[in-house]
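Student: Task: produce atomic coordinates for the following.
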Amino acid sequence: MIDDEENQPDSSRANGVSRRTIAKGAAWAIPVIAMGATVPTAVASPQGAPTPPCVTALTNDSINWVVDNVKYAESGHTCNSYDSHRDVRLTFEVLQDCQHDVTVQVRNVVGNSVWCAWNSQTLYLLKTSPAGSGLDLTFPATGDRPTNINNGYVSSSCNITAYESANDGMHINPCAPGGPYFEYRYSTDYSGSVATATWSAWFGWGDVGTVPLPPS
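Tutor: Reported below is the predicted structural model:
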């Protein structure tokens, strides 16, 4: 993906106005899924994939940023008709009285999304909400570093920076409106080893209904 927003000249910044603008309908989110008061089992997400046990909702927690004049460009997926791309952020909302840890691992889908501005690799983020903490898991957050499947740093690893900057979120390819844009799996017995944990299948997130196309 070519995302050189930090290096491009931008007369609007000189006037105190960011080149990154909030689209109409400023934020878009997947509705919260109603759950019982006790620890829930896996339920269906709006895309048909189950959410992890003790996760009450999977939401798009980001402002609906449109990055002006920054194209998503990747081999075979060049967006010749678009001058912008989407940056999004997913949050798994975890029930506070959950009686076990909830671990979620998220990866991009090559061709449909990237974590960073400059690579076309599959990268992963893994986060855990300890039992009883109700810690929501946000992918990505400032300071995260997507890595290989075992959380090891590789040449394509990068540091997620704060909005508004080039490596601030999940960059979605508007030329792939059918999704999935990102995939996730979960474990309730993760103890520090990806290899020995019991994982669900990988589930896809995102379709044209939850990720509207940027303006052409």
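Student: Not counting its neighbours along the chain, what's nearest residue 182?
Tutor: Spatial nearest neighbour of residue 182, chain neighbours left out: residue 205 (4.9 Å); criterion: CB to CB, 6 or more residues apart in numbering. No exception for glycine: its C-beta is placed from N, CA and C like everyone else's.
Student: Give me the distance between that neighbour and residue 61.
Tutor: According to CB to CB, to the nearest Å, residue 205 and residue 61 sit 13 Å apart.
Student: Between those two, which contacts overlap?
Tutor: Common neighbours of residue 205 and residue 61 (criterion: CB atoms under 8 Å, 6 or more residues apart in numbering): residue 90.
Student: if we can go back for a sec, what about the residue nearest to residue 182, how many neighbours?
Tutor: 26 (other CB atoms under 10 Å).
Student: does it really touch residue 88, like I thought?
Tutor: No. Here residue 205 lies out of contact with residue 88, judged by CB atoms under 8 Å, at a distance of 9.5 Å.
Student: Could you name every residue contacting both of those two?
Tutor: With CB under 8 Å, 6+ apart as the test, residue 205 and residue 88 both reach residue 181.
Student: hmm, back to that, need phi/psi at the residue nearest to residue 182.
Tutor: Backbone geometry at residue 205, expressed as degrees, to the nearest 10, gives phi -130, psi 140.
Student: same deal with the one 4 residues further on?
Tutor: When read as degrees, to the nearest 10, the backbone of residue 209 gives phi -70, psi -30.
Student: Give the burial count for residue 100, as a bare number.
Tutor: 14.
Student: what does residue 56 give?
Tutor: Neighbours of residue 56 under the rule other CB under 10 Å: 21.
Student: Then the one 4 residues further on?
Tutor: Using other CB under 10 Å, residue 60 has 20 other residues around it.
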